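A.B. asks: Provide a 3D model corresponding to the input given below.
(chains A and B)
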Amino acid sequence: MDDLLKDFLTESADNLGRLDNDIVELERRPEDIALLNSVFRTIHTIKGTCGFLGLARLESVAHVAENVLDRLRAGQLKTSAELIGDVLAAIDCIKHVLNELELHEVEPEGNDDALVARLGRWLQVRSTRTPLSSPVLAPVPETTDAPHVPVASASVAAPAATASASTSVTPAVAQHAVKSDGAVTAEHGDHPEPTETRSAIAESSLRVGVDLLDTLMNLVGELALGRNQLLQLAGAHEESPFAKPVQHLDRVTTDLLDAVMRTRMQPIGNAWTKLPRLVRDLSHSSGKQITLVMHGAETELDRQILQAIADPLTHMVRNSADHGVESSAVRLAAGKSENGTVRLSARHEGGHVVIEISDDGAGIDSAKVRRKAVERGLLRADLADTIPDAQVLRFIFEPGFSTAETITNVSGRGVGMDVVRSNIEMIGGTVELQSQLGRGTTVRVKIPLTLAIISALLVGTAGETFAVPQIGIVELVCVTDEQRSLVEVIHGAKFYRLRDTLLPMVSLRELLGLGVSDTERTSNIVVCQVGNMRFGLVVEEVFDTQEIVVKPVGRLIKHLQAYAGCTITGDGRVIMILDTTGISSVAGVATNESRDEAASAAEAAERARIAAAVNDNESILLFDAGYPALQAVPLALVARLEEFPLSALEEVDGQCLVQYRGGLMPVMRANPALDLRAKDPRPVIVFSDRNRIMGLAVDEIRDIVEDRVVLQRLSARPGILGVCVIAEHATEVLDTDYYLRLAHGQSAASNAATTDDRSATAHLVTETTGE
Amino acid sequence: MSTTTAVRPASTNGAARAAASTESPANAHAEYVTFRLAEQWLGIPVLAVQEVLAAQRIARVPMAPHAIAGFLNLRGQIVTALDLRTTLRLDARASDGAVMNVVVRHEGELFAFMVDEVGDVVSVPNQSVEGTPASLDARWRAASVGIVRREHDLLLVLSVNEVIRLEHVAS
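C.D. replies: From the prediction side, this is the model:
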């Protein structure tokens, strides 16, 4: 893109952002000449520059808007909502054209005749005394301006008066004809006008590329690394002549690090610039009276975060103004002041930025939300009333909860709040909502100061170190040898019985192809939360948590979903940052449909309560043994699922054996008619009990389902306990004990004593008798 | 890498591109940083090279394409290390084999080409850069833009873009 055009676009974007607010402000304080001048100047600059760049469409709109503003300045027009509305429309049009310009580098097709005509009315109708192109027009602003010029800048304004005396005589229309010339000279005359302070601010800041800031950040990070090494060296020798200079270096480096970090920070007010305009437009279109009060606009946070929260904030403020605040009549009837207020505040709080959006509107009726949640199956009807209001309101963040009905019945809110929540959670923030019926609603957003630095847990596997972002970690579980029985293996997939849930386990070592761990030693499970789903990441070592600087990975490994980036640790090593979301999809655990909404601690407790009320289900393994019906066995009784190549199955002494874990394991056929040779490899279910172990050769492992085993009918066939209904099909339930005894050639009698204390089988027997 | 060969039909293209890349009159010279891989000397334009580093501590990236040896930390910047032996399908580097890193910048990103030895910077007249012979291995031909006949040996001129593209396509 042309450099000139690029500069113009950047400059205009800045100016226009300010313009919206200035004009809204102007509506309130029409007598503020400094403000009016500022608005005029901005439009004027845009007009001048686009004439210079040959942007005809932009120029025509800017030109007529400028003329209207000039009238205002001259006191020949009075501000009114209608007039301000028209000027805002012109600014919108300018923004639109600028956007198109940025994308395509040419002005978009179309014309703005209607808009120009509308603005033109203000020039025609009330200017009978001063015709459009009258030369008398120009000097007028000077005389009206003069009394308002602050004393301090009077001396500066004086030369300006003479300058404009010569140039401003060029009337508006004539100026149009001599485009560039007129624009340049007129601008010249404009500069020294009143607002001295504004230009002083402009001069004290400087536009710097983000690249340069990133480079600075890198270098300072490296400097800190060098400092650390020096500190170690100097610390070893107390008498060292280097001690003092190193100490000094230490202090300076710390300050430098801090200062460089601050360069990335921007006041949150930058994300708020659109809001006054938004609220103004809303209150005009809805006929409500709404005041937007903003506090803490100077609160600083990272540029990246700022961009990420701008849209959610806009959304929430719109919600508050649109649905929260009631119409004047309703407010008066409720004994509130006619004028509704939307408050927006930001402040630092313990390394985070807390933003609150509150209104004094109608609030949210939790009873209606409760009803809606039950309707949508998010909440069990019988439990609905036992859940506190605060938790009920969280349903508003559920996807799709924002239906039209909700808007009308529940006084709005909830429109796309799920998107708001996911956007905020994406940058590691949280959002809470409180509401009092009739008193108003407050949304509290807590976000980190920066994305560039995250808190991460360092873990190790196969001698490599990785960082896992803290935000995705729910808890850490250490699995000792005694607890190994809590690890279930189903057809190669591992699960961990974590309290009342079955947690899919993903071995980091295997996922990253670092080889299979030969020793089954103590491992650690990092329980990760991705969306509504949890899984356990199995690692060998857990180190500590660190604040790490996130750096992007290069293009050559960008396609690897397992990584979110990389970082450089304090000792200069590069380590990879794992992406828990990516890992869950690579490992294929993401498809797990979660039972209900995401878990805050309170919700998890709630879920446990609900689960306790329903949980008679157990996991049941379904397999095909060549019978018409599938066979089932409770998963709790299954040790492992294996597949053995045919060659591994050896026939010895009339029994089929396989070498397994350093011993020989007898393999039984689940169906006498089963031809072992028909399938290679052969799926085998391994059962173990005490020191006995056996394999059951089956045709196919079908599924694992959650259901109750309630025997409907006992079976006379050996090896089958009975028939029950599982997943809506009649299914035979395997008698594992029969096969274990058979495999080890023990008589039923000699084993009878031990059978009784086998809790697992006993469990099945209870079901039988209970029926 | 049949796809890469397919898009490069004529070997003479290489010479044309090498000459075009320097955009100078016929008698102009171009300077190349030379380095050795096994027995072969190769060169890349000196302007593409940011610096040369001795062996560095390299962090492995599990699951990354084979030729990516890992990441190294160059004064706080992450550099992707490419083992050119793997990229050019030479025998794997012996674990105690000598390594030098030629750091190049490609589209704003830093890469370290891991080579066996770094030689001199040589100045070569543009017209003596000949097209890559068609009989050369497809992968080598894809990565190179020309060949220089030197007194005792041949110097193969590599294109930084193409070397990185080879791995990019692979991933």
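A.B. asks: Number of residues surrounding the residue in the stretch 401-550 of chain A that chain B sits nearest to?
C.D. replies: Taking Cβ to the nearest Cβ, chain B has its nearest neighbour within the stretch 401-550 of chain A at residue A:512, 3.6 Å off. (C-beta placed from N, C-alpha, C; glycine too.) Number of residues near residue A:512 (other Cβ atoms under 10 Å in any protein chain shown) recorded here: 24.
A.B. asks: Near chain A, which residues of chain B? Just list them.
C.D. replies: For chain B, the contact set with chain A under Cβ under 8 Å from any Cβ of the partner chain comprises B:57-65, B:68, B:70-73, B:75-78, B:80, B:82, B:109, B:111, B:164, B:167-168, B:171.
A.B. asks: Just the buried residues of these.
C.D. replies: By neighbour count, with 16 or more other Cβ atoms under 10 Å in any protein chain shown, those hold B:58-65, B:68, B:70-73, B:76-78, B:80, B:82, B:109, B:111, B:164, B:167 as buried.
A.B. asks: what's residue A:632 sitting at in phi/psi?
C.D. replies: phi -130, psi 150 (degrees, to the nearest 10).
A.B. asks: same thing with the one 10 residues further on?
C.D. replies: Its backbone dihedrals place residue A:642 at phi -130, psi 160, with angles given as degrees, to the nearest 10.
A.B. asks: Kindly report the same for the one 4 residues further on.
C.D. replies: Backbone torsions for residue A:646, taken as degrees, to the nearest 10, come to phi -50, psi -40.
A.B. asks: what's near enough to touch it?
C.D. replies: A:676, A:677, A:680, A:681, A:682 (Cβ atoms under 8 Å, 6 or more residues apart in numbering or on different chains).
A.B. asks: Out of those residues, which comes closest to residue B:37?
C.D. replies: residue A:681 (43.6 Å; Cβ to Cβ).
A.B. asks: Tell me how far the closest one lies from residue A:627.
C.D. replies: 21 Å (Cβ to Cβ, to the nearest Å).
A.B. asks: Buried subset of the contacts of residue A:646, written for ChimeraX?
C.D. replies: Buried residues among the contacts of residue A:646 (16+ other Cβ under 10 Å), as a ChimeraX selection:
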select /A:682
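A.B. asks: Give me the subset of the residues of chain B next to chain A that lies in strands.
C.D. replies: Residues of these located in strands (DSSP state E): B:68, B:70, B:71, B:72, B:73, B:77, B:78, B:80, B:82, B:109, B:111.
A.B. asks: Bridging across strands, which residues link to the residue of the stretch 601-750 of chain A at minimum distance from chain B?
C.D. replies: Nearest residue of the stretch 601-750 of chain A to chain B (Cβ to the nearest Cβ) works out as residue A:643 at 25.2 Å. For residue A:643, the beta-bridge assignment (DSSP bridges) gives partners residue A:683.
A.B. asks: Okay, now the unreliable bits of the chain?
C.D. replies: Reading this off chain A. Residues of chain A that meet the criterion pLDDT under 70 lie in A:1-2, A:125-203, A:400-415, A:517-522, A:532, A:589-617, A:690-691, A:708-714, A:746-771.
A.B. asks: wrong one, chain B
C.D. replies: Those would be B:1-26, B:170-171, if you go by pLDDT under 70 across chain B.
A.B. asks: May I have the phi/psi pair for residue 98?
C.D. replies: No chain specified, so I'll use chain A. According to degrees, to the nearest 10, residue A:98 has phi -60, psi -40.
A.B. asks: my bad, chain B
C.D. replies: Residue torsions, per degrees, to the nearest 10, at residue B:98 are phi -70, psi 140.
A.B. asks: quick one, what contacts the spatially closest residue to it that is not a sequence neighbour?
C.D. replies: Leaving aside its chain neighbours, residue B:98 sits nearest to residue B:116 (5.8 Å; criterion: Cβ to Cβ, 6 or more residues apart in numbering or on different chains). When contacts are counted by Cβ under 8 Å, 6+ apart, residue B:116 is found next to B:35, B:36, B:37, B:38, B:85, B:93, B:97, B:98, B:99, B:100.
A.B. asks: can you do 7 Å?
C.D. replies: For residue B:116, the contact set (Cβ atoms under 7 Å, 6 or more residues apart in numbering or on different chains) comprises B:36, B:37, B:38, B:97, B:98.
A.B. asks: Make TSV out of the residues you listed and add secondary structure and neighbour count.
C.D. replies: Converted to TSV, the contacts of residue B:116 look like this (DSSP: H, G, I helix; E, B strand; the rest coil; neighbours: other Cβ atoms under 10 Å in any protein chain shown):
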residue	secondary structure	neighbour count
B:36	strand	15
B:37	strand	21
B:38	coil	11
B:97	coil	12
B:98	coil	12
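A.B. asks: Just give the number of residues close to residue A:251.
C.D. replies: Neighbour number of residue A:251 under other Cβ under 10 Å is 10.
A.B. asks: which residue packs closest to residue 56, ignoring adjacent ones?
C.D. replies: Chain wasn't specified; assuming chain A. residue A:107 is the one closest to residue A:56 (Cβ to Cβ, 6+ apart), at 7.2 Å.
A.B. asks: ah, no, chain B please
C.D. replies: residue B:72 (4.5 Å).
A.B. asks: what's the answer for residue A:291, then?
C.D. replies: Among residues not flanking residue A:291 along the chain, residue A:341 sits closest, at 5.0 Å (Cβ to Cβ, 6+ apart).
A.B. asks: Pull the contacting residues for that neighbour.
C.D. replies: A:291, A:293, A:359, A:360 are the contacts of residue A:341 under Cβ under 7 Å, 6+ apart.
A.B. asks: The same query, at a cut-off of 6 Å, please.
C.D. replies: A:291, A:293, A:360 (Cβ atoms under 6 Å, 6 or more residues apart in numbering or on different chains).
A.B. asks: Distance check, the last one against chain B.
C.D. replies: So that's residue A:360. In this view, residue A:360 and chain B are 50 Å apart by Cβ to the nearest Cβ, to the nearest Å.
A.B. asks: And that residue, how close does it get to residue A:324?
C.D. replies: Distance from residue A:360 to residue A:324, by Cβ to Cβ: 8 Å.
A.B. asks: Same check on the second one?
C.D. replies: Taking Cβ to Cβ as the measure, residue A:293 and residue A:324 are separated by 14 Å.
A.B. asks: what ranges do the helices span in the stretch 151-300 of chain A?
C.D. replies: Assigned by DSSP state H, counting those that start in this stretch, the stretch 151-300 of chain A shows helices spanning A:154-167, A:172-177, A:179-190, A:196-204, A:210-236, A:243-263, A:275-286.
A.B. asks: Oh, that last question was meant for chain B, not what I typed.
C.D. replies: Secondary structure of chain B (DSSP state H): helices located at B:2-6, B:12-22, B:84-87, B:138-143, B:160-170.
A.B. asks: what's near enough to touch the residue minimising distance to the centre of chain A?
C.D. replies: Nearest to the mean C-alpha position of chain A, counting by Cα atoms, centre = their mean, stands residue A:426 at 2.0 Å. Applying Cβ under 6 Å, 6+ apart, one finds that residue A:426 lies in contact with no residue.
A.B. asks: 10 Å instead?
C.D. replies: A:308, A:312, A:451, A:471, A:581 (Cβ atoms under 10 Å, 6 or more residues apart in numbering or on different chains).
A.B. asks: what separates the fourth one from residue A:545, distance-wise?
C.D. replies: By that I understand residue A:471. Computed as Cβ to Cβ, the residue A:471 to residue A:545 distance reads 12 Å.
A.B. asks: what's the answer for the last one, then?
C.D. replies: Residue A:581 sits 20 Å away from residue A:545, going by Cβ to Cβ.
A.B. asks: In this structure residue B:54 contacts residue B:101, no?
C.D. replies: Yes - applying Cβ atoms under 10 Å, one finds residue B:54 in contact with residue B:101, separated by 7.5 Å.
A.B. asks: Next, show the common contact partners of these two.
C.D. replies: Looking at what touches both residue B:54 and residue B:101 (by Cβ under 10 Å, 6+ apart), the common residues are residue B:118.
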